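Peer 1: model this:
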Amino acid sequence: MATFNDLAKQQEIRDMVRGGYAAVAKAEESSCCGPTCCGGQVDSAAQLAASVGYSAEELEALPEGANMGLSCGNPTALASLKEGEVVVDLGSGGGFDVFIAGRKVGATGRAIGVDMTPEMLAKARRNTAVYAERNGLDNVEFRLGEIENLPVADNTADVVISNCVINLSPDKPRVYREIARVLKPGGRIAVSDIVLKKPLPDAIRNDAQALVGCVAGALLVDELKSLIAEAGLVDLVLEEKPAYVKTMEESRDHIASEVKALLAEGETIGDYIASMNISARKPA
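Peer 2: Sure thing, here's the model as predicted:
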């Protein structure tokens, strides 16, 4: 059981992350996980999204401002979504992956975004009418909530997706238990996330900016495997996607630069972190 101090620290981390993403939603700054934050050399959020696998057609169909360059992969492609499925997106931000998922699951399906930042939620909800008008669909919704306490009923989702968000949670075991709870029997997960190849130096692990920048809170690969198994999910597949980390390495972004400055001489960000596609399923 978590102690009082543990719970206080978890809340401190949530408040820090919520504040960082609220600033991004209001376009005050870019101190967050994602290419616009960790990839200053990239010309645009659209270019970065294309580099991690989103099609031009998907990006052109998005409402204005939905793509804020916060992706480190493409979970909607990984999920192989089908018409009629129910999809839940953890940390849905401005609605980027929810709007793409909604088009894939069609009128008989549903895409539900969950985010703890009211400013992000407001941005996504403002774009819902644009999405409906462009696509003739009324199949997306956005709910305020934490990914450790999903506002979603048991056995609701055919698929749970998430894009560079779970690494930000201070209680990742609970997140994966919640994923297992809301999945239908036989349901699957398709997550893009930052994972550690080896432990980070203490200076980076204790750095607040590195935490909000999706680095300091990441799990080691073996830790991730254990959490997913303990949550009751099976058939885990991990696939490293090097394009995102390469972008971080080449970036002049302040977070990436700060992380690089804390590494030993000759070390690179890619020695420590990887962007991973994470697939698993709930037993039928």
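
Peer 1: buried residues in the helix or strand harbouring Arg18?
Peer 2: Mapping Arg18 onto the secondary structure by DSSP states H and E places it in helix 4-25. By neighbour count, with 16 or more other Cβ atoms under 10 Å as the criterion, the buried positions of helix 4-25 are 10, 13-14, 16-18, 20-21, 23-25. Using the backbone N, CA and C atoms, a C-beta is placed for each residue, glycine as well.

Peer 1: quick check: the gap between Val140 and Ser92.
Peer 2: Taking Cβ to Cβ, to the nearest Å as the criterion, Val140 is separated from Ser92 by 10 Å.

Peer 1: any common contacting residues for those two?
Peer 2: 98, 113 (Cβ atoms under 8 Å, 6 or more residues apart in numbering).

Peer 1: what is the burial count for Arg205?
Peer 2: 16 (other Cβ atoms under 10 Å).

Peer 1: looks to me like Ala190 is in a strand.
Peer 2: Yes. Residue state for Ala190 (DSSP: H, G, I helix; E, B strand; the rest coil) corresponds to a strand.

Peer 1: skipping adjacent residues, who's closest to it in space?
Peer 2: Once its chain neighbours are removed from consideration, Ala190 has its nearest residue in Ala79; the separation is 3.6 Å (Cβ to Cβ, 6 or more residues apart in numbering).

Peer 1: does that neighbour touch Gly187 like I think?
Peer 2: No. Taking Cβ atoms under 8 Å as the definition, Ala79 is not a contact partner of Gly187, at 10.5 Å.

Peer 1: what sits against Arg174?
Peer 2: Counting by Cβ under 8 Å, 6+ apart, Arg174 touches 148-149.

Peer 1: pLDDT at it, what is it?
Peer 2: What the model reports for Arg174 is a pLDDT of 96.

Peer 1: you'd agree it is in a helix?
Peer 2: Yes. The assignment for Arg174 is a helix, going by three-state DSSP.

Peer 1: ok, so what distance separates it from Val24?
Peer 2: Following Cβ to Cβ, the distance that separates Arg174 from Val24 is 25 Å.

Peer 1: swap in Asp89?
Peer 2: From Asp89 across to Val24, the span is 17 Å (Cβ to Cβ).

Peer 1: what does Ala153 give?
Peer 2: Look at Ala153 and Val24: by Cβ to Cβ, they are 30 Å apart.

Peer 1: joint contacts of Ala79 and Gly187?
Peer 2: Residues touching both Ala79 and Gly187 by Cβ under 8 Å, 6+ apart: Val159.

Peer 1: need the distance between the two termini of stretch 191-205.
Peer 2: Using Cα to Cα, to the nearest Å, the end-to-end distance of stretch 191-205 comes out at 23 Å.

Peer 1: distance from the chain centre to it, please.
Peer 2: Shown here is stretch 191-205, whose average C-alpha point lies 15 Å from the average C-alpha point of the whole chain (Cα atoms, centre = their mean, to the nearest Å).

Peer 1: would you map the helices across the stretch 101-250 of the chain?
Peer 2: Secondary structure of the stretch 101-250 of the chain, counting by DSSP state H, counting those that start in this stretch: helices at 118-135, 172-182, 202-205, 208-212, 221-230, 242-250.
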